[in-house]
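**Student:** dropping the sequence and predicted coords here.
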Amino acid sequence: MDNLDISTIDGLRILKIDDEVLLAHQIKPPYYFSCSDGLILLPRKRGNQKTVILDLNIEPHLINQINELYGPISDYVCTHGHMDHIAHVYQWEAIGAEIHAPIPEHTYLQDVHNFYKGFQFNEGLDFSIIQKFADLNGYKNCKEIHPFEPGKSFFFDDFVINTIPFKGHSKAHIGFLIPQEKIIHISCLGFDQVRPDVDGFGPWYGFKECSINQYLKDIDLAQSIFLEKAEILTSSHSYIIKNPDITPFLYMREKIEKNQRIVDEAILSLKLVRTSEVSIIDFLDMDLFFPKKKMDKFRYEIYNFWESGIISKHIERSKYLK
Ligand SMILES: [Zn+2]
């Protein structure tokens, strides 16, 4: 990797993508879903006069140090309402940034009840579990959010940032295209290899609102935008990719196919033939995706909820159940 490492803050890796764009990564998140990598857009002669931050959800003491080093920061753009993208955004607001978040998940930054109901946790889990989940990840609410429709373009003193809806992952989920710098940031689409030799989970579709069909379209769209309009690809949980390397797209499609094979094999081993015979509990007992049997009760409940979302989507698509 030839991106210059210019890290000077303890606990944070900062890579220079070009003169005015940096990718930052918190090295040790305090909990499973508390952080995401994001971009720092430094001020430029013809363009944004103040620093703009894209979806860099890191702990408050690191936010303060970024502000000292690269501030003042005028705006912060959030990509969607998952916990690893909203937990610490309140601190960006506290240091004076205007917070922008996509509709309809913008309200999740303001109240954890909205996060609870919005992702339909209320259909399977007590609120107390989600409150604990939010607390463990360091969530605090923002005061004021500027909502925007996914697909909107931002103009920061004439510097253009396009947002791209990738709604298979969540209703609000967006990526960014920075046309001037030829950078696409695909956010949480599902390329989660931190290094080429390290495997990850891949695309995440554990909520009811997620859609595998939409996901496959999003992956195609991201690939065509990358190949046609960008030189560099970044994301919330991965290493940096250069055009024409299409590893992320092959990886994400393969992960979805592999998940389908896992569920198909479970269907065959359970000897089910009709959708009416399916009980999701039989599948959950098999620990197909997460080692739930090894988890404490709190984590078990959450992972069980997500796994049932993932399995149901593959049951719907299975050629073995009609
Ligand atoms: Zn996400």
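**Tutor:** Right, received. Where do you want to start? Residues are numbered from 1 along each chain as shown.

**Student:** what are the phi and psi angles of the residue lying closest to I280 once chain neighbours are set aside?
**Tutor:** Nearest residue to I280, sequence neighbours excluded (Cβ to Cβ, 6 or more residues apart in numbering): S308, at 5.2 Å. To be clear about C-beta, it is placed using only N, CA and C from the backbone, and glycine gets the same treatment. Main-chain torsions, S308, degrees, to the nearest 10: phi -60, psi -30.

**Student:** ok, K167 next?
**Tutor:** When read as degrees, to the nearest 10, the backbone of K167 gives phi -90, psi 0.

**Student:** do G190 as well
**Tutor:** Per-residue torsions, G190: phi 130, psi 10 (degrees, to the nearest 10).

**Student:** on that earlier part again, do I have it right that the residue nearest to I280 meets S279?
**Tutor:** No. The criterion here is Cβ atoms under 8 Å, and S308 misses it with S279 at 10.9 Å.

**Student:** the two: who's more crowded?
**Tutor:** S308 (17 against 10; other Cβ atoms under 10 Å).

**Student:** off-centre distance for the lengthiest helix in the chain?
**Tutor:** Longest among the helix segments of the chain by residue count, using DSSP state H, is helix 247-269. Centre-to-centre, helix 247-269 and its host chain are 20 Å apart (Cα atoms, centre = their mean, to the nearest Å).

**Student:** give me the low-pLDDT residue ranges for the stretch 1-150 of the chain?
**Tutor:** Along the stretch 1-150 of the chain, the parts satisfying pLDDT under 70 run over 1-2.

**Student:** and the longest helix of the chain, what's buried?
**Tutor:** By 16 or more other Cβ atoms under 10 Å, the buried positions in helix 247-269 come out as 248-249, 251-253, 255-256, 259-260, 262-264, 266-267.

**Student:** go through the residues you listed and say which is closest to the ion.
**Tutor:** For the buried residues of helix 247-269, the closest approach to the ion (Cβ to the ion) belongs to M252, at 13.4 Å.

**Student:** if we ignore the residues flanking it in sequence, what's nearest the closest one?
**Tutor:** Counting by Cβ to Cβ, 6+ apart, G190 is the residue found nearest to M252 once chain neighbours are left out, at 4.6 Å.

**Student:** tally of neighbours for the one you found?
**Tutor:** G190: 30 neighbours (other Cβ under 10 Å).

**Student:** residue contacts, it?
**Tutor:** The contact partners of G190, by Cβ atoms under 8 Å, 6 or more residues apart in numbering, come to H169, G202, P203, W204, Y215, I219, M252, K255.

**Student:** which stretches in the stretch 51-200 of the chain count as helices?
**Tutor:** Using DSSP state H, counting those that start in this stretch, the helices assigned to the stretch 51-200 of the chain run over residues 60-70, 83-86, 89-94, 112-118, 127-136.

**Student:** among those, which is the most enclosed?
**Tutor:** Among these, helix 83-86 has the highest mean neighbour count (mean count of other Cβ atoms under 10 Å), at a mean of 26.

**Student:** how near is the spatially most central residue of the chain to the ion?
**Tutor:** Residue closest to the average C-alpha location in the chain (Cα atoms, centre = their mean): C188, at 2.8 Å. C188 is 3 Å from the ion, where distance means Cβ to the ion, to the nearest Å.

**Student:** which residue, neighbours along the chain excluded, lies closest to that residue?
**Tutor:** Among residues not flanking C188 along the chain, S236 sits closest, at 4.8 Å (Cβ to Cβ, 6+ apart).

**Student:** near the one you found, how many other residues are there?
**Tutor:** For S236, the neighbour count with other Cβ under 10 Å is 26.

**Student:** near the ion, which residues of the chain?
**Tutor:** H82, C188 (Cβ under 5 Å from the ion).

**Student:** one more time with 8 Å, if that's ok
**Tutor:** Neighbours of the ion within the chain, by Cβ under 8 Å from the ion: 36, 79-80, 82, 84-85, 169-170, 173, 187-188, 204, 236.

**Student:** for stretch 85-101, measure first residue to last.
**Tutor:** 10 Å (Cα to Cα, to the nearest Å).

**Student:** quick one: it to chain centroid distance?
**Tutor:** The answer for stretch 85-101 is 16 Å, by Cα atoms, centre = their mean.

**Student:** does the residue nearest to the centre of the chain really touch A172, like I thought?
**Tutor:** No. At 10.9 Å, C188 does not count as touching A172 under the criterion of Cβ under 8 Å.
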